[in-house]
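Got a predicted model here, sequence first, then my questions.
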Amino acid sequence: MSSNVRTKAFHIRFGLRAKLLLLSSFLFVIPWFGYQYVWEMEKYLRFGQEQTLVGTARALATALHERKNLFNNQASFLPNVEQGKDLYGYQLTEAIQLDGLHQDWPNFSQRAHFYDRHQQLFSDKVPSLNFKASVGKYDKYLYLFFQVVDNKLVFRGKNSRSITQNDHLALSFTDQNNQLNRFIISNKQSGWISAFTVIDSTETMPIPAPHIQGHWRVTPQGYNIELRVPLEALGEKIAFAFYDVDVSGDNPNSAIGSADPSQQESLGTIVVPSPEIERIVNGMRYTNSSIWVVDQHHRVLASAGSLKQAGGVWQSKNELKSSNASNNLWYQFKQQVLLPLYYQVLTKPPTDFIDKIYDARHLNGAHIVSALSGNAKSQWRLTTDKQALVLSAAYPIYIDNNVQGAVIVEETTNGIRTLRNRALEKLFSVILAIMILGAFTFIIFATRISARIRDLSNQAEHAIDKQGRIIGKMVASTSNDEIGDLSRSFTTAVNRLSEYNHYLENMSSRLSHELRTPIAVVKTSLENLALLEKQRITSNKDCQESPYIERAQTGINTLNLILTNMSEATRLEQMLASTEKIEFDLKTVVSGCIAGYQQVFSEMTFILKTELNALPFYGSPEHIVQLLDKVINNAVEFSQDKIITLALNQHNQEVELLVSNNGRLLPEQLNESLFDSMVSLRAPQASLNKQQTQPHLGLGLYIARLICHFHHGTISATNHYSPDGVTLRIGLPTKV
Amino acid sequence: MSKRIAIVEDEAAIRENYADVLRSQGYQVQTYADKESATQAFKLRLPHLVILDIGLNEDYDGGFVLCQQLRAKSASLPIIFLTARDNDFDTVSGLRIGADDYLTKDISLPHLTARISALFRRQEAFKLPVSEEHITQTGRLTLDSQRMTISWKSQPIDLTITEFWLVHALAKHPGHVKNRNQLMTDSKIYVDDSTITSHIKRIRKKFIKTDANFGCIETVYGMGYRWLNPTDTMSSHV
């Protein structure tokens, strides 16, 4: 048993607890499953959202099908639109002040279109003029802003009748009845603009057109013109052009514009967000979606909702919780400890993201292209800053079996993500609780089990000593499980072993006891016989004394002696149990004994090495003497040079007695068992050589050990070399 | 009139062997194999001396019971335990319940008969007046070799025959060391060393019961024992 333990100690211990923990780590699969499940759920929710979104787009498109009047015919039926010529009026969100400054135009620099010599209407020479134009719609007016760069600004002469022999703006548009109206803005000075209706006959006086209002502002580069036209006067076609005059009174030397304003055919189209469509679309804005309606040229006709609020149908339930139980301890703990932990793993859907994929005027994307070719389509995309995932669905609008536009509905997945996060938070909390509880239970259980097993193993190890003797009793466990069974069977085994050991240890004594009676029979019979023989000899002088009786008596005496020796150990044990310890001087005892041995073994030399004068010791002197008898007997027998050396020392609280003799070495494997009952090392020839005066039963050192143990001491034998021999070491504690 | 000796012993061969020897010595011997027959016989008539075995067939303590019964009937009847049990416990028990001696079966027959005759002699001696010639005085110790009694400081000390012989052997030559073999020869027993040790211990205890300061039996470690008279102790210390 002990050797097993020793070899096991060299390996890394992989205990029961570790194994159980390893096995319980399979529990980690459960949160993984939960996590997978939530992801799966999100997938379905997204799919559902996609369907809902397409449904929303279809519903809206259904409302717009076959409503021709909602669409701008002119623009819509064009095969293509030309940048700069076909204009788009942005929906302005705030009123514009007509002051010639573009600060109140949102995103002016991006939305404005740049016109230069490429848009030259007639060319005498390279024009010294270019401009930027932006168009917007607010309330019932169409606003136009021009930022003109001109090397030389020429106002209309104060007395000039002509309105064209100076820098001027020509603006033409059709009215609702598709009649061309031409206007010229020609100012005498900066300030409010002077707009004139142009009639084809050049002779007549220019007629002012007061419904066109605006402001002409001179700038270091040239001039700005900001004007507005009431929408009711405006049709679907428009064109504007700047005429540059460098010398006052001259005819314009060049003109740059969106189209030739003089010919109705050449006019470009204008699209402004349609109020009718917007009304319809506005009805859909409660769907938590961002909705756009585009014409077939991808131009936005109406829009509603903001993508930032478009979290989908799942969003509405979001904000309910927070005010509910903010003082709750669990809520506090969750907010301060758990959530920060979870959001190491989870990502919060961003409320603040930037999406610039769409120009407010012009929408692009594969889904729109697909929708405009007649196929409804939905697609996933990231916002331009890659913060949020956007789902967009496009659905075509049919008029006369032709696709005239498309409805685009967009939502972020924020709603679903929030929902998913909440599900995961809950899952994590539950899992965390289960894991902590489970791990705790497991650890307690495993600790208990391993403690019990360790306890059992300790008990088993302590019950049996290195020599395999039973030195203690085991306490049987009362628990009704496998370990309890193990403990009980261990206890039974140890008890049986103990009984068997006891039987073995007492065997010599029992044997001697059993043999004593028959020997007594033989002995008494022999003695009687001897008496008879003696009487016969005394009565009859002729008779010779028979030697047989005497021989038989010698034999029986030896046998008797053997029996006495055999039971000596048992008798000693019984005696020790009732022996009282007394205080005595160990040194006197030892030196006295040595003097005695010197007399008994006259041919031996005993040397006692000690520096002690007196050695007070608490114990049984008679038994110490018996111990010395056995040890010295042993040493004398194995001594070759007839010298026995004894050393008596005191270390701390232990008396050390060394008895050395030179002679045969001990075989290594017998070192421990040397002190066991019935173990003898005497060589066969040695016992043959000597006349068997004392029988050897291997009990001498066993008795020595019994006495040592009675004094709570130890006895051991070691070999010493050059000269070879054996040293017996007896260690006796002075204080117990 | 020859003395009547009763032997209670379950082992027939031993019983008869002892009986033969004792008969040859001129004693009348009655033998009993078990407790019941012995009890019956003792009810009718008590013998002059009883030799008891402790274990009688199935009766593990039959000898002890018999001894108690006999001692109740007669305080002076010599009782000897002759048994195979050689442990200290049984010895002490046997002597405590009133046996005059406790012998193991490995005792030789001459030793046994010597004891028996010594016991009878002692019994006889009590009937005679104390004769001065048998009295030995050593220090505080008074030995009466005829009655086989010992007094310490004039207080009688109750000893068994074996114990008397041991004390006698020691006190005969105060200051001389007697080794165990010599003591065994003198006390007519043949036992191992530890039995001698326990005999000496018992003797010491008996003396100490009378005189708590008794220390006249000295152990000479490795050699044996010797009797020290207080004056000798003094001188040896000096």
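Done, it's in.

Number of residues surrounding the residue of chain B found nearest chain A?
The minimum distance from chain B to chain A, using Cβ to the nearest Cβ, falls at residue B:222 (2.7 Å). (Glycine included, C-beta is placed from N, CA and C.) Using other Cβ atoms under 10 Å in any protein chain shown, residue B:222 is surrounded by 22 other residues.

quick one: residue B:182 and residue B:166, what's the gap?
Distance of residue B:182 to residue B:166, computed by Cβ to Cβ, to the nearest Å: 11 Å.

out of those two, which sits in the more crowded spot?
When residue B:182 is set against residue B:166 and neighbours are counted by other Cβ under 10 Å, the residue ahead is residue B:166, at 25 against 15.

buried set for the helix or strand the more buried one falls within?
Secondary-structure element containing residue B:166, defined by DSSP states H and E: helix B:161-172. Residues B:161-171 are the ones in helix B:161-172 that count as buried (16 or more other Cβ atoms under 10 Å in any protein chain shown).

now check that helix, is it near chain A?
No. Under the criterion of Cβ under 8 Å from any Cβ of the partner chain, chain A is not reached by helix B:161-172; the shortest gap measures 15.5 Å.

That helix: how far from the chain's middle?
Relative to its parent chain, helix B:161-172 has a centroid offset of 10 Å by Cα atoms, centre = their mean, to the nearest Å.

following that helix, which helix or strand shows up next?
On the C-terminal side of helix B:161-172, the nearest following helix or strand under DSSP H and E is strand B:178-179.

Surely residue A:31 touches residue A:427?
Yes. Residue A:31 is in contact with residue A:427 according to Cβ atoms under 8 Å; the separation is 7.2 Å.

Grab the nearest non-local neighbour of residue A:533.
Nearest residue to residue A:533, sequence neighbours excluded (Cβ to Cβ, 6 or more residues apart in numbering or on different chains): residue A:549, at 6.0 Å.

Validate this expectation: the one you found resides in a helix.
Yes. According to DSSP: H, G, I helix; E, B strand; the rest coil, residue A:549 belongs to a helix.

which ones are touching it?
A:526, A:529-530, A:533 (Cβ atoms under 8 Å, 6 or more residues apart in numbering or on different chains).

Please enumerate the strands of chain B.
B:4-8, B:28-32, B:49-52, B:79-83, B:101-104, B:135-138, B:141-144, B:149-152, B:155-157, B:178-179, B:217-220, B:224-227 (DSSP state E).

Just send the ones you listed back as CSV, with distance to chain A and mean pLDDT too.
Formatted as CSV, the strands of chain B follow (distance: least, Cβ to the nearest Cβ, whole Å; pLDDT from 0 to 100):
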stretch, distance to chain A, mean pLDDT
strand B:4-8, 12, 93
strand B:28-32, 13, 92
strand B:49-52, 12, 92
strand B:79-83, 9, 90
strand B:101-104, 8, 86
strand B:135-138, 24, 82
strand B:141-144, 23, 86
strand B:149-152, 22, 86
strand B:155-157, 21, 86
strand B:178-179, 8, 84
strand B:217-220, 6, 83
strand B:224-227, 8, 86
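
Pick the most buried one from these.
Neighbour counts (mean count of other Cβ atoms under 10 Å in any protein chain shown) averaged over each of those peak at strand B:49-52, with a mean of 26.

From the contact counts, what lies against that one?
strand B:4-8, helix B:62-73, strand B:79-83, helix B:109-127 (3 or more Cβ pairs under 8 Å, 6 or more residues apart in numbering or on different chains; DSSP states H and E).

got any ranges where chain B has weak pLDDT?
Across chain B, residues meeting the criterion (pLDDT under 70) sit at B:1, B:192, B:230-238.

For it, what lies in contact range of chain A?
Counting by Cβ under 8 Å from any Cβ, chain B sits next to chain A at B:11, B:13-14, B:17-18, B:20-21, B:24, B:84-89, B:104-106, B:108-110, B:191-194, B:197-198, B:201, B:219-223.
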